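Engineer: coords below, sequence missing:
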């Protein structure tokens, strides 16, 4: 009898110990797939259910509670944290507890492909304050649509979102689709830096997957204590815009260049303002610095557009400032500097420039008029000589030949001569003393006044020869 009583009490205790009924919708699933845990029992007990024991192997993503007549059912969505043979632990307390449920978590399934993660920095071990690119690479078969994880704020580093890409790569002897997400990281202290990555989410056919992220840690090396705060770590890249070769006085000049580096806008501005103090023309206006998007979107460097202004007050040559940008070289661990290429331009006074331009125009006009005058005279005497030669060739009498000679002159303002001697004097003043011309006049006079009998054709040949070689004296051109 006593024995039966003990057995009945034991059975009653066992029934009370499992008064919360627990069930799983899957006994096997892949890492990343959701798991639904359903627990039924008294609604009051379910409202006070402690889910903390689940956190060891599962992520509690959400729960819902339904009640009816004092009873209830709670449905809990879980995501496994690792693969292997796991167990959902008993939940509840006292005499109201659920039983342990075994579950097998695999690396992949028909729905969930094998997924590999890789997280790395470039450079692998940066210095403090050195712009670094952090990359998360997720490799799968290309069937999953991933969401970019959001990195939380970190006291050990400054973070900035960069671009992302999706490419096909070779990995572990096979091809896979690599989803790469990039961040710019600027370590602010030396030592191991731990970045708390959130759960990685993906979707496929409306199904939501959540996977535990890889461990995100890297080390940062301390910089020397003597390194100023405004000096970046890593060599900057500078692109300088060429300036005009000349500019007027009292007109502001702008010299522009871009800097890709770890400089901050305020730090670079303070450094430039300090160096410009020795340049009177360039220190009047403070430099302006604008932050741009780098040409390489995935670069962790800052791209700063710098504009320096000058107001030249005097004419003459003007050189741009000889600027030097210091930086800490991680390879040599020394302080180095980049000197910007120098340029020189000519500053001119616009008043004297305009005055010289007007003088040049006037001088050109005068020279043009003189040239036109000389050309006109050249054309005039050549035409007069041509007409005289034509008339001489057509003359039929000596008297006609005399008239043609007295009317011929190499200057347009010379009137017809009264006599051949007067004409000879005028011609000597225009072409210089010419013996052949004097001989021609003597021959024509002798024939015209009957002193000699000379054939007209012979006189005409002599006249054509003499007149054809006549050219005005240089001063008459």
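Structural biologist: Received, thanks. Just so you know, these numbers come straight off a predicted model, no measurement behind them. Residues are numbered from 1 along each chain as shown.

Engineer: which ones are touching residue 279?
Structural biologist: Contacts for residue 279 were tallied using Cβ atoms under 8 Å, 6 or more residues apart in numbering; they are 310, 321. C-betas here are computed from N, CA, C, even on glycine.

Engineer: Tell me how far it lies from residue 258.
Structural biologist: As judged by Cβ to Cβ, to the nearest Å, residue 279 and residue 258 stand 21 Å apart.

Engineer: What ranges in the protein fall below the confidence cut-off?
Structural biologist: For the chain, the stretches with pLDDT under 70 are 1-18, 351-353, 451-452, 474-477.

Engineer: Would you map out the domains in it?
Structural biologist: The record, using automatic domain parsing to delimit domains, assigns the chain the ranges 2-106, 116-220, 237-348, 366-476.

Engineer: To residue 226, which of those domains lies closest?
Structural biologist: Distance to residue 226, taken as Cβ to Cβ, is lowest for domain 237-348 among these, at 8.4 Å.

Engineer: which element is the most centrally placed residue in the chain on?
Structural biologist: With distances taken as Cα atoms, centre = their mean, the chain has residue 295 as the residue nearest its mean C-alpha position (5.8 Å). In this assignment (DSSP states H and E), residue 295 forms part of neither any helix nor any strand.

Engineer: wait, what's in contact with it?
Structural biologist: Counting by Cβ under 8 Å, 6+ apart, residue 295 touches residue 303.

Engineer: ditto for residue 189
Structural biologist: Residue 189 sits in contact with 128, 156, 220, where contact means Cβ under 8 Å, 6+ apart.

Engineer: Please narrow the residues you listed to those residing in strands.
Structural biologist: Within those, residues falling in strands by DSSP state E are residue 220.

Engineer: from the contacts of residue 189, which single one is nearest residue 405?
Structural biologist: Distances from the contacts of residue 189 to residue 405 were compared by Cβ to Cβ; the smallest belongs to residue 128, at 107.9 Å.

Engineer: Pretty sure that closest one sits against residue 224.
Structural biologist: No - taking Cβ atoms under 8 Å as the contact criterion, residue 128 and residue 224 are not neighbours in contact, 10.2 Å apart.

Engineer: Show me which of the two is the more surrounded one.
Structural biologist: When residue 128 and residue 224 are compared on other Cβ atoms under 10 Å, the one with more neighbours turns out to be residue 128, at 20 against 10.

Engineer: Can you name the residues that contact that one?
Structural biologist: Going by Cβ under 8 Å, 6+ apart, residue 128 touches 187, 188, 189, 190, 220, 221, 222, 223, 233.

Engineer: most surrounded residue in these?
Structural biologist: If you count neighbours using other Cβ under 10 Å, the busiest of these is residue 187, which has 26 neighbours.

Engineer: And stretch 46-63, what's buried?
Structural biologist: Buried residues in stretch 46-63, defined by neighbour count with 16 or more other Cβ atoms under 10 Å: 46, 49, 54, 57, 58, 59.

Engineer: In TSV, list the contacts of residue 189 along with distance to residue 262.
Structural biologist: Written out in TSV, the entries for those read as follows (distance: Cβ to Cβ, whole Å):
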residue	distance to residue 262
128	11
156	17
220	13
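
Engineer: and which of the contacts of residue 189 is nearest residue 393?
Structural biologist: Comparing the contacts of residue 189 against residue 393 with Cβ to Cβ picks out residue 128 as the nearest, at 106.0 Å.

Engineer: State the phi and psi torsions of that closest one.
Structural biologist: Dihedral angles of residue 128 (phi, psi; degrees, to the nearest 10) stand at phi -60, psi 140.

Engineer: how deep is residue 404 tucked in, by neighbour count?
Structural biologist: Other residues near residue 404 come to 19 when the count uses other Cβ under 10 Å.

Engineer: So it belongs to a helix, correct?
Structural biologist: Yes - with the criterion set as DSSP: H, G, I helix; E, B strand; the rest coil, the secondary structure at residue 404 is a helix.

Engineer: okay but it is in contact with residue 391, surely?
Structural biologist: Yes - with contacts counted by Cβ under 8 Å, residue 404 reaches residue 391, the gap being 4.7 Å.

Engineer: about what we covered before: go through the contacts of residue 128 and flag which are in strands.
Structural biologist: Here DSSP E is the test, and these give 187, 220 as lying in strands.
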